[in-house]
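Asker: this one's structure only:
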C-alpha cells in the first residue's frame with residue numbers, strides 16, 4: 001500500500017505492507033520533500049558543497065551549506081544550514097589536483113571533527129611532509145539522518 005500526502009508545503013510518500021481487510025495499517029515515510037526543496041530520506045544527500053579553499057573560501061555551489069569557514073591554511077569548517085539529526089552521518093570528500101610548483105600534486109583530505117551543525121576538514125600536501133595546504137577545489141557530500 002502507498003499514499004502521497006501534502007500538508008503545509010511538505011510532500012510525504014508513505015508506504016505500508018499489504019494487509020487483510022479491516023486490519024490496522026502501519027505507515028512509514030521513506031521520503032519527504034520539504035517546502036525548501038530538500039529531500040529527506042536515507043538515499044538523498046543531506047548536504048553537499050563545491051568550494052574554493054584558497055585565499056578566500058568561495059562556495060561555487062551547495063545544498064544545505066550556510067558557509068565555509070577558513071580555520072587557517074588547509075583547514076576548513078563547513079557549516080550546515082539545517083542541522084543534521086545526529087553525528088552518525090557519512091561524508092565523502094574529494095579534490096582536484098593542484099600543483100605546488102614541484103610537479104607533485106598529491107593531497108590528502110581528512111575529516112577532523114563532526115558535529116550536527118558543522119564538519120571540520122583538513123587538507124595536507126604529501127610532497128611537503130603532510131603539511132597543511134589550501135586546495136583550489138574541495139568537494140564534500142553528506143548522507144545520514
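Answerer: Right, received. Where do you want to start? On a predicted model such as this, the values are computed, not experimentally measured, just so you know.

Asker: what sits up against stretch 66-75?
Answerer: Here stretch 66-75 makes contact (CB atoms under 8 Å, 6 or more residues apart in numbering) with 49, 51, 53, 56-57, 59, 76-81, 118, 120-125, 131-135. All C-beta spots, glycine's among them, are computed from the backbone N, C-alpha and C.

Asker: list the buried ones in that stretch?
Answerer: Using 16 or more other CB atoms under 10 Å as the test for burial, stretch 66-75 gives 68, 71, 74-75.

Asker: lowest-scoring secondary structure element of the protein by mean pLDDT?
Answerer: Lowest by mean pLDDT, DSSP states H and E among the helices and strands of the chain is strand 39-40, with a mean of 72.

Asker: just how off-centre is the next helix or strand after it within its chain?
Answerer: Scanning forward in sequence from strand 39-40 by DSSP states H and E, the next helix or strand is strand 47-52. Taking CA atoms, centre = their mean, to the nearest Å, one finds the center of strand 47-52 at 8 Å from the center of the full chain.

Asker: out of the contacts of stretch 66-75, which are inside strands?
Answerer: The members of the contacts of stretch 66-75 that map onto strands under DSSP state E are 49, 51, 59, 76-80, 118, 120-125, 131-132.

Asker: show me which of these are buried.
Answerer: Among the ones in strands among the contacts of stretch 66-75, the ones that count as buried by 16+ other CB under 10 Å are 49, 51, 76-80, 118, 120-125.
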